[in-house]
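Q: Any chance you can model this:
(one chain, ligands or ions: 2)
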Amino acid sequence: MTRKYTVDYEAELNKEQLRVVSHPGGPMLALAGAGSGKTRTLVYRVCRLIEDGISPNRILLLTFTNKAAKEMLDRVQRLIPHGRGRVSGGTFHSTGHRILRRYADVLGYSSRFSILDREDASDLMGQALADLSKEVTQRRTPKPRLLVDLYSFVINTGRDLEKVIVDRAPQYLDQAEIIAAVFRRYLERKRKADMMDFDDLLLNWLLLLQRHASVRSELKKQFDHVLVDEFQDTNRLQSDIIDSMLGPDRNLMVVGDDAQSIYAFRGADFDNILGFPDRYSDCEVFHLTLNYRSIPPILELANASIEHNTRQFPKMLEPVRKGTDLPRCVTTDSPEAQGRFIAEKILELREEGIPLEDMAVLYRNHSHSLEIQVELTRRNIPFRVRSGLRFFEQRHVKDTVAHLRFIENSRDELSFSRMLRLRRGFGLRLVAKVWNRISGADSLQTLRETPPRTHDLPQGARDSLTGVIKLLDEMLAPAFQTQPGEMIRKVLTEFYRQWALDNLENARSRIDDLDQLALFADGYKDLTSFLSEISLLNELSGEETTGGTTDEMLVLSTTHQAKGLEWSAVFLAWLAEGRFPSSRAEDEEEERRLFYVAVTRARDFLFLVRPLIARDRYRVDVLLDPSRFLLELPDEACDRVVVREQQEDDTEAQPEVTGRYSMPSFFDEPSDTPSSDDDVN
Ligand code: ATP
Ligand code: MG
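A: Ligands and ions are numbered 1, 2, ... in the order given. Below you'll find the predicted structure:
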């Protein structure tokens, strides 16, 4: 029987994709390379199922972010505007959350249970640790944050605690028993307080399915079709959940690419996708072998890189598009020059007709975007940061800068309050009390001249105030007035470094951020110019404008957050050893997969950029080694370009292109013979 469909599936999909979309059901797997249309095929399959009469609310679409799910379902809505009902879509966590609200009582929670974020979880773990203080006083125990990491990894992978400790924190192996006791205490406390952490949203979901037969049979009946995107980044827990959710027809379609698995560090396991055919021996396997996204040279570069991984599942991937422009590997003098090059190039491409929102700057870590954000702001290029907060809106940056702001403008009550509330014993009420006494024309001066004991404060707060005044006094040393970077270092060494370690999640990377911030501030001749520059950055904030004006905006993102997306032009910055691959990364192959994800985001233009020299944490200029991911590329994979900025000139970068890359002469040998061609080698 032929049917009439709203969507012209034959025109929109290639043969193999069409086969996926019209397959009746059962377990289905598409393990295929980047840009082969996996996500697109899922969207069309959802449409087709609905057009074939499946009720939308009996379809579950699981994706890696809620935003991705929403975009896919919006697409479905546009393709079949008449489809009634809503498809359930979202992340595993948000889906688990919805289900648990309904069945919480079965597990002994109330339906109003609260959710702990990572920071709350770390606090609670700290309390659990304190509860066992007798047992642990004799030994050095891991910090709550590390405990939360270990706990989470165990939950998500289902691996043995001792094995996880051996892998991730071997120095604590002799304390495995105590750690297990702390975890038990943590579970008790959570339950008593009617709270679930993020991992519970998965774990409790699985518990419902495994231990409560009546709920299981209800849940198994809820969905006729389950579809999962980015399956390579699921963990054991997630794959068991899906398995137990399936109804008698076992209509499960998963798509993914093992080469893009980038969350092993959080427990993802790409054996889930590689082992899918073993787990579902009757599964139908589909081969999507055409790449619709990138022009051939970009694809070739990506393939040449991922070949260096030994653990990979080789896949066919043929480019559909034409185009011969080689990707560019660009060496710039410094991080600032890298920012200038990227900004220049973006403007140039925009002149050529590529809208800003079709370009992205990607990097390994959020802190790598600093100089780039500054440069874009200077040139009035609007941008949106996908990787969470903008650099200067992050809590640790604001905490630190509050000290400088108060020195700059002592009428700034907000900064005063922020600074003081970091200290022991100070809440809003006591802050207000002190503020009322000191506020005036020169609150800073009054504060310094008023002895803390004359404020009517409890002892703890009084000591804290003494600490604050001492720090401010030191920051006011004449030598520092022209060195905002030194002021930041002072805040760090005297107070914030330790405070962050004791109180914040990811403290080490936040401290790295702040070290970077200090280096950045060294570039300013005084406090005023530094603070006004960063205020301006905040004003041009992208996230806030998303509701109102939707002017075109460039995207800045970490590579992790860029998964699944695509742009016409992609700039990948900081391709230096230690930055990308990250010096913290334990698994080189996972870093290389991350590089693969980054480069396969590009449709037409790919720029792999690196600074030649950067300041290290001791403020010494050091030569950075190029990323191994650049060095291992074959010569013909890209055009190697060295960008030199001329002294005395305005800040324009002078990109010039030559066929082959060679290092600037001083790089290879400590030569004293003058280089023959100065600008470009
Ligand atoms: P990734 O592995 O990066 O997630 P993917 O396999 O999910 O990639 P998609 O994002 O679905 O790939 O598709 C990549 C691009 O190719 C999209 O712009 C998509 O619209 C386009 N595309 C895919 N298949 C076709 C097709 N048959 N005809 C036209 N365009 C297509
Ligand atoms: Mg995709």
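Q: Who are the contact partners of residue 145?
A: With contact taken as C-beta atoms under 8 Å, 6 or more residues apart in numbering, residue 145 is in contact with 122, 125, 505, 506, 507. Bear in mind the C-beta positions are built from the backbone N, C-alpha and C, glycine included.
Q: Distance-wise, check it relative to residue 159.
A: From residue 145 across to residue 159, the span is 20 Å (C-beta to C-beta, to the nearest Å).
Q: With residue 176 instead?
A: Using C-beta to C-beta, we find residue 176 at a distance of 13 Å from residue 159.
Q: hmm, back to that, which of the contacts of residue 145 are close to ligand 1?
A: Among the contacts of residue 145, no residue lies close to ligand 1 (C-beta under 6 Å from any ligand atom).
Q: out of the residues you listed, which is most surrounded?
A: residue 125 (28 neighbours; other C-beta atoms under 10 Å).
Q: Please name the nearest non-neighbouring residue to it.
A: Closest residue to residue 125 apart from its sequence neighbours, by C-beta to C-beta, 6 or more residues apart in numbering: residue 144 at 4.1 Å.
Q: wait, doesn't residue 106 sit right on residue 208?
A: Yes. Look at residue 106 against residue 208 with C-beta atoms under 8 Å: they come within range, at 6.4 Å.
Q: more crowded one of the two?
A: residue 208 (23 against 15).
Q: Please name the residues that touch that one.
A: 99, 100, 103, 106, 107, 215, 216, 219.
Q: Quick check: the residue of the stretch 151-300 of the chain found nearest ligand 1 vs ligand 2, distance?
A: Residue nearest to ligand 1 within the stretch 151-300 of the chain: residue 292 (3.2 Å; C-beta to the nearest ligand atom). For residue 292, the distance to ligand 2 (C-beta to the ion, to the nearest Å) stands at 11 Å.
Q: List, one by one, the residues from the protein near ligand 1.
A: 13-14, 17, 34-40, 257, 260, 292-293, 564, 566, 600.
Q: are any of these buried, and which?
A: 13-14, 17, 34-40, 257, 260, 292-293, 564, 566, 600 (16 or more other C-beta atoms under 10 Å).
Q: Go through those residues and flag which are in helices.
A: In helices, defined here by DSSP state H, the members of these are 17, 38, 39, 40.
Q: How is this structure partitioned into domains?
A: Here the domain parsing of the chain from automatic domain parsing is 9-100+201-288, 115-193, 318-382+552-643, 393-537.
Q: Out of these, which gets the lowest mean score?
A: Ranked by mean pLDDT, the domains of the chain end with domain 115-193 in last place, scoring a mean of 84.
Q: Quick one: name the residues of this protein near ligand 2.
A: Listed as neighbours of ligand 2 in the chain under the rule C-beta under 5 Å from the ion: 38, 39, 564.
Q: from the stretch 301-450 of the chain, which residue is nearest to ligand 1?
A: Closest residue of the stretch 301-450 of the chain to ligand 1, C-beta to the nearest ligand atom: residue 320 (7.8 Å).
Q: quick one: that residue and residue 288 touch, right?
A: No. With contact defined as C-beta under 8 Å, residue 320 does not count as touching residue 288 (11.4 Å).
Q: Who has more neighbours out of these two?
A: Set side by side, residue 320 and residue 288 show more neighbours around residue 288, with 26 against 16, by other C-beta under 10 Å.
Q: In contact with that one, which residues?
A: 16, 17, 20, 30, 32, 33, 36, 37, 38, 41.
Q: Now for these: which two are most distant?
A: Spatially, the most separated pair among the contacts of residue 288 is 20 and 33, at 15.1 Å (C-beta to C-beta).
Q: So for these two, which sits in the more crowded spot?
A: Set residue 20 next to residue 33 and count neighbours by other C-beta under 10 Å: residue 33 wins out with 27 against 24.
Q: what about the closest residue to the more buried one other than its chain neighbours, neighbour count?
A: Residue nearest to residue 33 in three dimensions, not counting chain neighbours: residue 317, with 3.9 Å by C-beta to C-beta, 6+ apart. Residue 317 has 21 neighbours, counted by other C-beta under 10 Å.
Q: Leaving aside the residues adjacent along the chain, what's closest to the residue of the chain found nearest ligand 2?
A: For the chain and ligand 2, the shortest gap (C-beta to the ion) falls at residue 39, measuring 3.2 Å. Spatial nearest neighbour of residue 39, excluding adjacent residues (C-beta to C-beta, 6+ apart): residue 229 at 5.7 Å.
Q: Might one say that that neighbour is in contact with residue 64?
A: Yes. Using C-beta under 8 Å, residue 229 is in contact with residue 64, at 6.8 Å.
Q: between the two, who's got more neighbours?
A: When residue 229 and residue 64 are compared for neighbours, residue 229 comes out ahead with 25 against 22, by other C-beta under 10 Å.
Q: my read: residue 589 touches residue 307, true?
A: No. Look at residue 589 against residue 307 with C-beta under 8 Å: they stay out of range, at 11.7 Å.
Q: Looking at those two, which one has more neighbours?
A: residue 589 (17 against 13).
Q: List the beta-bridge partners for residue 256.
A: Beta bridges link residue 256 to residue 31 when assigned by DSSP bridges.
Q: what's the spacing between residue 279 and residue 234?
A: Taking C-beta to C-beta, one finds residue 279 at 12 Å from residue 234.
Q: Those two: who's more crowded?
A: residue 234 (27 against 13).
Q: quick one: contacts for that one?
A: Residue 234 touches 92, 228, 242, 268, 269, 272, 273, counting by C-beta under 8 Å, 6+ apart.
Q: Wait, a helix at the last one?
A: Yep, that's residue 273 we're talking about. Yes. Residue state for residue 273 (DSSP: H, G, I helix; E, B strand; the rest coil) corresponds to a helix.
Q: Tell me, how many residues neighbour the closest residue to residue 270 other than its chain neighbours?
A: Among residues not flanking residue 270 along the chain, residue 261 sits closest, at 3.9 Å (C-beta to C-beta, 6+ apart). If you count neighbours by other C-beta under 10 Å, residue 261 ends up with 27.
Q: so residue 261 sits right up against residue 591, yeah?
A: No. Contact criterion C-beta under 8 Å: residue 261 and residue 591 do not qualify, at 11.9 Å.
Q: rewinding a little: tabulate the domains of the chain in JSON lines, adding columns for distance to residue 302.
A: Listed next are the domains of the chain as JSON lines, based on distance: least, C-beta to C-beta, whole Å:
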{"stretch": "domain 9-100+201-288", "distance to residue 302": "7"}
{"stretch": "domain 115-193", "distance to residue 302": "29"}
{"stretch": "domain 318-382+552-643", "distance to residue 302": "5"}
{"stretch": "domain 393-537", "distance to residue 302": "28"}
